[in-house]
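take this sequence and fold it.
(chains A and B)
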Amino acid sequence: MSELDTIGFGLVIIAAAVGGAAFLTWFERRLLGVWQDRYGPNRLGPFGVLQVLADMIKLLTKHDWVPPFADRAVFIFAPTAIVVAMLLGFAVVPFGPELYILDLNIGLLFFLGMTSLAVYSVLLGGLASNNKYALLGGLRSAAQMVSYEVFMGLSLMGVVMLTGSFSLRAIVEAQRDLWFCIPQFLGLFTFLIAGIAESHRLPFDLPEAEHELTAGFHTEYGGMKFAMFMLGEYLGLLLISCMIATLFFGGWLGPWLPPVVWFGLKVFILICFFILLRAAIPRPRYDQLMALGWKVMLPLTLLNLLLTGAIALLMEGA
Amino acid sequence: MLNSLTSQLRTIWTILQHSFTKAETVQYPEEKPYLAPRYRGRIVLTKDPDGEERCVACNLCAVACPVDCIALQQGVKDDGRWYPEFFRINFSRCIMCGMCEEACPTNAIQLTPDFEMCEYDRSNMVYEKEHLQIEGTGKYHDYNFYRVSGLAIEGKDKGEAQNEAPPIDVKSLLP
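Numbering: from 1, shown residues only, chains lettered A, B, ... in the order given. You can find the predicted model right below:
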């Protein structure tokens, strides 16, 4: 692709990701409704899909207020950071054999780096709000981060070992014969849990925890700044789904249908699964999450790493 | 640990099965819920089978009302009947408790299965007698207070009501 094509494609991806995230706000509510035996927003437009538009009008016309007691610069910067970081993460996702913006040889590391940066947004938002609920939310976010970031990176090392590359395109190509969800099922399990924690979604939405902390880190946010946090959360969900599809379910690989359709289908099913988790599982206490991270998930990933390494060495020797 | 994991998986499976159950929601404005005939909603004043106002302006409803939303003024007609000169219910205060209906000795005030009272202006929630009065008898079709009560009105003296014996003349020696 020429440079101009890449820029154009990048803009298309940004539009698709932001549009997809906006669509998800409606889709999630409808799907939660299905699973909780109610309808969800079904009034505006076909199946209520124009609800997104109504929400947008509401958020855009709200007073853009910064609390006088808040740290103004950081308060305004925080919601932007999460959106930028999440959107940058999309740069390395291969949507098809020729459909990607960047084919970095360290694509996986880039993705991990970008999602980790998104945590700063939550932390800074909680800190800058100068509100005890927001601070508690930020605190929990920090506690959550130290417990899942460790095994999140490690859980993917099995995939890297089997492929021998950090490039996401190479990882997809390596799954032609067998999707990594089978040999790396432990990696998939741990990455799934880390992914939920990373995107701050229920059941691991401890920083937000609207039942305990009013709205956690974004208690003081309103209007478009709040919308940016929401956008960031849904972009995170999309990104994590894209990454799981790429790393464990063969990305664009699949028979008959065009590659992009396969990719979209896999991402869609994963998103539905994430929403199902939200509908089904209650939120743990944050010490429980930390205990789970350090005492169960980290040993599991290390075990996975050990086994994968041993088997890879055996295969090489044979 | 394993126990809780299976519990979580079972929860997910149960929720997934709800993809095939019908929503409990009643789509309200299009789909109305069933309201029992004795539902306590908007208050009306009824008329007796002869087409006269049942209300005798005894003020018992106004006394029984816990939120003091009923106001009325008694008047007396030429034939001796009592009637309310005005009868006012402030529905923005009314809590639809039905105490007035229970207190009413003439079955005049009754609650109906209607709760859809929405107004843009709060003063429109104050209903006067002409808004409250309906033409029918409501829930009690045969009841007419003046026909069963001992009160003397024009054309019906004491002792002439239904199931009523003439009054005893205490000054007479005859049995």
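
any idea which element the residue nearest the centre of chain B lies in?
Among the residues of chain B, the one closest to the centroid is residue B:110, at 2.1 Å (CA atoms, centre = their mean). Taking DSSP states H and E as the definition, residue B:110 sits inside strand B:109-111.

again with residue B:17
Here residue B:17 is assigned to helix B:2-17, by DSSP H and E.

show me which positions of that helix end up buried.
Residues of helix B:2-17 classed as buried: residue B:15 (neighbour count, 16 or more other CB atoms under 10 Å in any protein chain shown). To be clear about C-beta, it is placed using only N, CA and C from the backbone, and glycine gets the same treatment.

got a list of contacts for the helix or strand just after it?
The C-terminal neighbour of helix B:2-17 among helices and strands, as given by DSSP H and E, is strand B:43-45. Residues outside strand B:43-45 that contact it (CB atoms under 8 Å, 6 or more residues apart in numbering or on different chains): B:53-55, B:87, B:89, B:91, B:94, B:96, B:100-101, B:108-112, B:127, B:129, B:132-134, B:138.

now the buried members of those residues.
Counted by 16+ other CB under 10 Å, those give B:53-55, B:87, B:89, B:91, B:94, B:100-101, B:108-112, B:127, B:129, B:132-133, B:138 as buried.

number of residues surrounding residue B:50?
Using other CB atoms under 10 Å in any protein chain shown, residue B:50 is surrounded by 9 other residues.

which residues does it contact?
Contact analysis of residue B:50 by CB under 8 Å, 6+ apart lists residue B:144.

and it, helix, strand or coil?
coil (DSSP: H, G, I helix; E, B strand; the rest coil).

now the one 5 residues further on
Using three-state DSSP, the three-state assignment for residue B:55 comes out as coil.

chain neighbours aside, what residue packs nearest to it?
Closest residue to residue B:55 apart from its sequence neighbours, by CB to CB, 6 or more residues apart in numbering or on different chains: residue B:108 at 4.0 Å.

tell me the mean pLDDT over the helix holding residue B:17?
Helix B:2-17 shows a mean pLDDT of 87.

name the residue closest to the centre of chain A, please.
residue A:236 (3.0 Å).

A helix includes that residue, no?
Yes: applying three-state DSSP, one finds residue A:236 inside a helix.

show me what residue of chain B gets nearest to chain A.
residue B:15 (4.1 Å; CB to the nearest CB).

that residue: what's it in contact with?
Contacts here follow CB under 8 Å, 6+ apart; on that basis residue B:15 touches A:35, A:276, A:279-280.

neighbours of the closest residue to chain B within the stretch 51-200 of chain A, how many?
Nearest to chain B, among the residues of the stretch 51-200 of chain A, is residue A:189, at 10.4 Å (CB to the nearest CB). Other residues near residue A:189 come to 17 when the count uses other CB under 10 Å.

element containing it, please.
Following DSSP H and E, one finds residue A:189 within helix A:185-198.

re earlier: for the residue nearest to residue B:55, give its distance to residue B:80.
Noted for residue B:108: a distance of 17 Å to residue B:80, by CB to CB, to the nearest Å.

looking at chain A, which helix is longest?
Determined from DSSP state H, the single longest helix within chain A is helix A:3-35.

and that one, what does it pack onto?
Contacts defined by 3 or more CB pairs under 8 Å, 6 or more residues apart in numbering or on different chains; DSSP states H and E place helix A:3-35 against helix A:51-60, helix A:72-89, helix A:223-248, helix A:259-280.

what angle separates the last one from helix A:185-198?
Comparing the axes of helix A:259-280 and helix A:185-198 via axes from the mean of the first three to the mean of the last three CA atoms, to 10 degrees yields an angle of 70 degrees.
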